[in-house]
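Asker: here you go, sequence then predicted model.
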Amino acid sequence: MSIAGQAHPHLAQRLKEGAAQAGLDLAPPEQEKLLAFLSLMSKWNAVYNLTAVRDPEQMLAQHLLDSLAIIAPLSRHIDLSGATIADVGSGAGLPGLPLAIVFPTAKVLSIEPVGKKAAFQRQSCAELALTNVEVFAGRAQALTRRVDLVICRAFASMADFVDAAAGLIGPSTLLVAMKGQRAGLESECAELPADCEVEIEALQVPFLAAQRHLVIVRHAGRSAPQQAAARQAEASSPAPSPSPSPSPTSIQAFSPGLTSAGPAPAAPRRSA
């Protein structure tokens, strides 16, 4: 397994320090896989333009640690270790693949319509032995499957996100958008249906000065324990028959309060 820390020895320590700042105690196998994923992303990026970030240390902060920083705040709302997670518009697999590495008992559905990015994700899953990830090369609107958590990073507007995720939503599904600056988020959330309950939470990403926020959308009137109970009830119920095409699932099941709290191409060769 090619590990980025071998070419950049300080990256392993940087990852360990950053994870600790994010409230995570990563086991050595998890650190190894995260660095290996970083190495794969850097290698493929030279040919397939997966991300505009080129420097490995910047990739560590802006991609890996940015993805890991959401774990602690999300864990207050949902048990990620046993969750079914859909990552909508996942690009190079962020944050879905890092979450799959840290939570090997979670099930991650990574949804990416761009073929070369989906191919990279599949290759990464094969090399990293991520058997808990399914990569769907298409749009979320083509799916009708209930999950516990729908997440997006650098997606368009909140309204577009909720609309795209309609086929993935069940009564207890939590929707989470990873956003940048706080400015404009309230106006975005005001465009959501009246039965959406929204919480905006500031994030501190280690070694990254830029603003980051989580926007959490849930069913109105349900606390985290109530949502957990609803997920358990759904899990014990027979699964619905799959639809041949996406149904116009209503997002009225969500509930507005607005609150604020703090065929894969060959892998490219690295040029000398």
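Answerer: Sure, I can see it.
Asker: SS state for residue 118?
Answerer: Reducing the assignment to helix, strand or coil with DSSP: H, G, I helix; E, B strand; the rest coil, the entry for residue 118 is helix.
Asker: I meant residue 42, not that one.
Answerer: Per three-state DSSP, the local secondary structure of residue 42 is helix.
Asker: verify the contact between it and residue 57 for me.
Answerer: No - contact status for residue 42 versus residue 57: not in contact, 10.7 Å apart, counting by C-beta atoms under 8 Å. C-beta coordinates here come from the backbone N, C-alpha and C atoms, glycine included.
Asker: what about those two, which has more around it?
Answerer: Between residue 42 and residue 57, counting by other C-beta atoms under 10 Å, residue 42 is the more crowded of the two (21 against 15).
Asker: if you drop the residues flanking it in sequence, what lies closest to that one?
Answerer: By the measure of C-beta to C-beta, 6 or more residues apart in numbering, the closest residue to residue 42 outside its immediate chain neighbours is residue 56, 5.6 Å from it.
Asker: over to residue 59?
Answerer: The spatially closest residue to residue 59, leaving aside those adjacent along the chain, is residue 53, at 5.1 Å (C-beta to C-beta, 6+ apart).
Asker: and the pLDDT at the one you found?
Answerer: Model confidence at residue 53, expressed as pLDDT, equals 92.
Asker: in this structure it contacts residue 62, no?
Answerer: Yes - assessed by C-beta under 8 Å, residue 53 is found in contact with residue 62 at 5.3 Å.
Asker: roughly how far apart are the residue nearest to residue 59 and residue 13?
Answerer: Residue 53 sits 20 Å away from residue 13, going by C-beta to C-beta, to the nearest Å.
Asker: mind listing the helices for the stretch 151-272 of the chain?
Answerer: Residue ranges of the helices in the stretch 151-272 of the chain, as given by DSSP state H, counting those that start in this stretch, are 158-164, 185-190, 224-236.
Asker: worst mean pLDDT among the ones you listed?
Answerer: Taking the average pLDDT of each of the helices of the stretch 151-272 of the chain, the minimum falls on helix 224-236, with a mean of 59.
Asker: what about residue 13, how many neighbours?
Answerer: Neighbours around residue 13, by other C-beta under 10 Å: 10.
Asker: show me what contacts the residue nearest the centre of the chain?
Answerer: Centroid-nearest residue in the chain, with C-alpha atoms, centre = their mean: residue 95, separated by 3.5 Å. With C-beta atoms under 8 Å, 6 or more residues apart in numbering as the criterion, the residues that contact residue 95 are 66, 67, 68, 70, 87, 151, 153, 178.
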